[in-house]
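Q: Next input, structure requested:
(one chain, ligands or ions: 1)
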Amino acid sequence: MKSESFNPFAMAQAQFDRAADFLNLDSASRELLRNPMREYQFSIPVRMDDGSVKVFRGFRVQHNDSRGPGKGGIRFHPQETIDTVRALSMWMTWKCAVVDIPLGGSKGGVICDPHNLTMREQELICRGWVRQLSRDIGPLIDVPAPDVMTSSQHMLWMLDEYETIHHMKLPGLITGKPVGMGGSLGRTEATGFGVIYTVREALKNLNLRAESTSASVQGFGNVAQYAIRLYNQLGGKVICVSCWDQADQKSYSFKKKDGVDLDALLAITDRFGGIDKTKAKDLGYDVLSGDVWIDQDVDILMPCALENQITADNVGRIKGSVRLIAEGANGPTTPEADKEISSKGIFIIPDFLANAGGVTCSYFEQVQSNMNYYWERDEVLGKLDVRMTSAFIAVNELAAKRKLYMRDAAYFIAVNRVAQACKERGWV
Ligand code: GLU
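A: Down below sits the predicted model:
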């Protein structure tokens, strides 16, 4: 993370204000949408394996549910803050709206570092989180999902706790469940694949063929891994990936001129997306410390890690060769860096459009769970491609027609849909 002062919620509000000005929103709508509708903050006491009790801080923020039940992931992260969760909940509202699924925006988190917790301790955090929120989440209220450092196993523990409290089976409570336990085929791949569905469309727009492009990817977690997989299938070459190194508490980039071998890297990666540096060197990778992923001579940059990564400090290092930035992460680009990207004429696929594949597939999972009838993988991914592609086309057409930056066009469509829903309900 950069030292430059960064408040993700202030950033999300500034982005919203810009859209509100453009749409000429009335003051009540602005006030309503600038802030979350509801917030929960609570303590989760956990008996640790050594017998001591540790108290963890948990959050759930429901930004807006005018278009349907709240939806959004739960992050386990040592640097989690209420402002980060607020920002992420707002971005979830716009994300669901831009792909036009009938869900609102929420987000949750726990301040903790799963690297230092046993599975049993993590299970107790999951169950404690649900006990605190058992009346405030639900298939028709607010539907959680995985996010940074949470997995299908965490979702299943949470579901189990909720079903135990409510004395019934309610698999629509949560998404990202294991396949066979109410999960949807395709959900694991969905966010990364969704990024590449939009990249594929953007490349057509830029008159580029995927086979003749290269990319540099920040992050090597779930989103990055599946984005690389599909980009490779389209013929694209990833020459650099980066990841966080837990032991050294800093990030490293792994470079290979001829293209990284995804499966070889996966074989030396832990469950948090950390790549083994020594083994990578043995496989012929250049291992470089810091954020060198950003200054690669490539056509495409894909930040697929955390917020606040492309900043005023490093945006100047983006090479002239870069034609496209696809934001797999939520909030990776600060407003100052964004201005520079826009003025350089780089085509951007903004976060809440590029990474909407996860929540779109979560919506499909919810539908399947609620009717207890599960679709084939191809059916899920086919539907996902249709949704992502049509959302991309709608944003791109507006951007072209009104000569707008892609992020602005995405905001205008999303905020307009949500403001309209609030109006039709008679809230404002
Ligand atoms: N955590 C993912 C996101 O940020 C998915 C959320 C969901 O599936 O509800 O979009």
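Q: Give the rounded mean pLDDT of stretch 21-34.
A: Model confidence over stretch 21-34, given as mean pLDDT, is 98.
Q: what does it contact?
A: 13, 16-17, 20, 64, 93, 408, 411-412, 415-416, 418-419, 422-423, 427-428 (CB atoms under 8 Å, 6 or more residues apart in numbering). In this view, the C-beta of every residue, glycine as well, is placed from N, C-alpha and C.
Q: Now intersect these with the strands, please.
A: In this view, those that belong to strands under DSSP state E are Asn64.
Q: Tell me where the stretch 1-150 of the chain has strands.
A: Using DSSP state E, counting those that start in this stretch, the strands found in the stretch 1-150 of the chain span residues 38-47, 53-64, 70-77, 105-111, 142-146.
Q: So for the fourth one, what gets flagged as buried?
A: Spelled out, it's strand 105-111. Gly105, Ser106, Lys107, Gly108, Gly109, Val110, Ile111 (16 or more other CB atoms under 10 Å).
Q: Could you give the number of residues near the nearest residue to the second one once chain neighbours are set aside?
A: Once its chain neighbours are removed from consideration, Ser106 has its nearest residue in Gly70; the separation is 3.3 Å (CB to CB, 6 or more residues apart in numbering). For Gly70, the tally of surrounding residues (other CB atoms under 10 Å) stands at 30.
Q: thinking again about what came up before, could you dump the strands of the stretch 1-150 of the chain into TSV and include distance to the ligand?
A: Shown next, in TSV, are these (distance: least, CB to the nearest ligand atom, whole Å):
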stretch	distance to the ligand
strand 38-47	17
strand 53-64	13
strand 70-77	3
strand 105-111	8
strand 142-146	3
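Q: per-residue confidence at Met1?
A: pLDDT, Met1: 41.
Q: cool, the one 5 residues further on as well?
A: What the model reports as pLDDT for Phe6 is 83.
Q: Can you give me the distance of it to Thr333?
A: Noted for Phe6: a distance of 11 Å to Thr333, by CB to CB, to the nearest Å.
Q: the more surrounded of those two?
A: Shown here are Phe6 and Thr333; by other CB under 10 Å, Thr333 has more neighbours (25 against 17).
Q: Show me what the more buried one is bridged to.
A: With DSSP bridges as the criterion, Thr333 is bridged to Ile310.
Q: That one contacts Ala326, correct?
A: No - with contact defined as CB atoms under 8 Å, Thr333 does not count as touching Ala326 (11.4 Å).
Q: shared neighbours, the two?
A: Joint contacts of Thr333 and Ala326 (CB under 8 Å, 6+ apart) are Ile348.
Q: Show me which residues of the stretch 201-350 of the chain sit near the ligand.
A: Asn330 (CB under 6 Å from any ligand atom).
Q: Check the stretch 201-350 of the chain for the residue nearest the ligand and tell me.
A: Residue of the stretch 201-350 of the chain nearest the ligand, by CB to the nearest ligand atom: Asn330 (5.5 Å).
Q: Next, count neighbours for that residue.
A: The tally of other residues near Asn330 (other CB under 10 Å) stands at 27.
Q: low pLDDT regions in the chain?
A: Applying pLDDT under 70 to the chain flags residues 1-5.
Q: what's the residue in it sticking out farthest from the centre in contact with, if anything?
A: The C-alpha centroid of the chain is most remote from Gly51, which lies 35.4 Å away (CA atoms, centre = their mean). Gly51 makes contact with no residue under the criterion CB under 8 Å, 6+ apart.
Q: Can the top helix by length along the chain be said to contact the ligand?
A: The longest helix of the chain (DSSP state H) is helix 377-402. No - using CB under 6 Å from any ligand atom, we find that helix 377-402 stays clear of the ligand, coming within 12.0 Å at best.
Q: roughly how far is that helix from the heart of the chain?
A: Here the centre of helix 377-402 is set off from its chain's centre by 17 Å, with CA atoms, centre = their mean, to the nearest Å.
Q: Could you list every helix and strand that that helix packs against?
A: Judged by 3 or more CB pairs under 8 Å, 6 or more residues apart in numbering; DSSP states H and E, helix 377-402 is in contact with helix 187-205, helix 351-354, helix 357-371, helix 406-424.
Q: Packed most tightly, which of the ones you listed would that be?
A: helix 351-354 (a mean of 29; mean count of other CB atoms under 10 Å).
Q: what distance separates that one from the middle of the whole chain?
A: On the basis of CA atoms, centre = their mean, helix 351-354 sits 8 Å off its chain's mean C-alpha point.
Q: who's in contact with that helix?
A: 91-92, 94-95, 98-99, 194-195, 198-199, 326-333, 391-392, 395, 406, 410, 414.
Q: cutoff 7 Å now
A: Residues outside helix 351-354 that contact it (CB atoms under 7 Å, 6 or more residues apart in numbering) are 91, 94-95, 98, 195, 198, 326-332, 391-392, 395, 410.
Q: Alpha carbons only: can I get stretch 371-390 in CSV?
A: Only the C-alpha atoms of stretch 371-390 are listed here, as CSV (Å, rounded to 0.1, in the frame of the first residue of the first chain):
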residue,chain,number,x,y,z
MET,A,371,-35.4,-23.0,-6.7
ASN,A,372,-33.1,-25.9,-5.8
TYR,A,373,-32.4,-26.7,-9.4
TYR,A,374,-28.8,-26.4,-10.7
TRP,A,375,-27.6,-25.5,-14.2
GLU,A,376,-24.7,-26.9,-16.2
ARG,A,377,-21.4,-25.0,-16.2
ASP,A,378,-21.8,-24.0,-19.9
GLU,A,379,-25.2,-22.6,-19.2
VAL,A,380,-23.9,-20.5,-16.3
LEU,A,381,-20.9,-19.2,-18.2
GLY,A,382,-23.0,-18.6,-21.3
LYS,A,383,-25.5,-16.5,-19.4
LEU,A,384,-22.6,-14.7,-17.7
ASP,A,385,-21.0,-13.8,-21.0
VAL,A,386,-24.3,-12.4,-22.3
ARG,A,387,-24.8,-10.2,-19.2
MET,A,388,-21.2,-8.9,-19.1
THR,A,389,-21.1,-8.3,-22.9
SER,A,390,-24.3,-6.4,-23.0
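Q: Quick check: buried residues in it?
A: Tyr374, Trp375, Val380, Leu381, Lys383, Leu384, Asp385, Arg387, Met388.
Q: same question, stretch 124-139
A: Leu124, Ile125, Cys126, Arg127, Gly128, Trp129, Val130, Gln132, Leu133, Ile137, Gly138, Pro139.
Q: So is it next to the ligand?
A: No - Stretch 124-139 is not in contact with the ligand by CB under 6 Å from any ligand atom; minimum separation 11.9 Å.
Q: related to what we said a few turns ago, possible to save the helices and strands packed on helix 377-402 as JSON lines with distance to Val238?
A: As requested, the helices and strands packed on helix 377-402 are exported to JSON lines (distance: least, CB to CB, whole Å):
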{"stretch": "helix 187-205", "distance to Val238": "11"}
{"stretch": "helix 351-354", "distance to Val238": "16"}
{"stretch": "helix 357-371", "distance to Val238": "18"}
{"stretch": "helix 406-424", "distance to Val238": "22"}
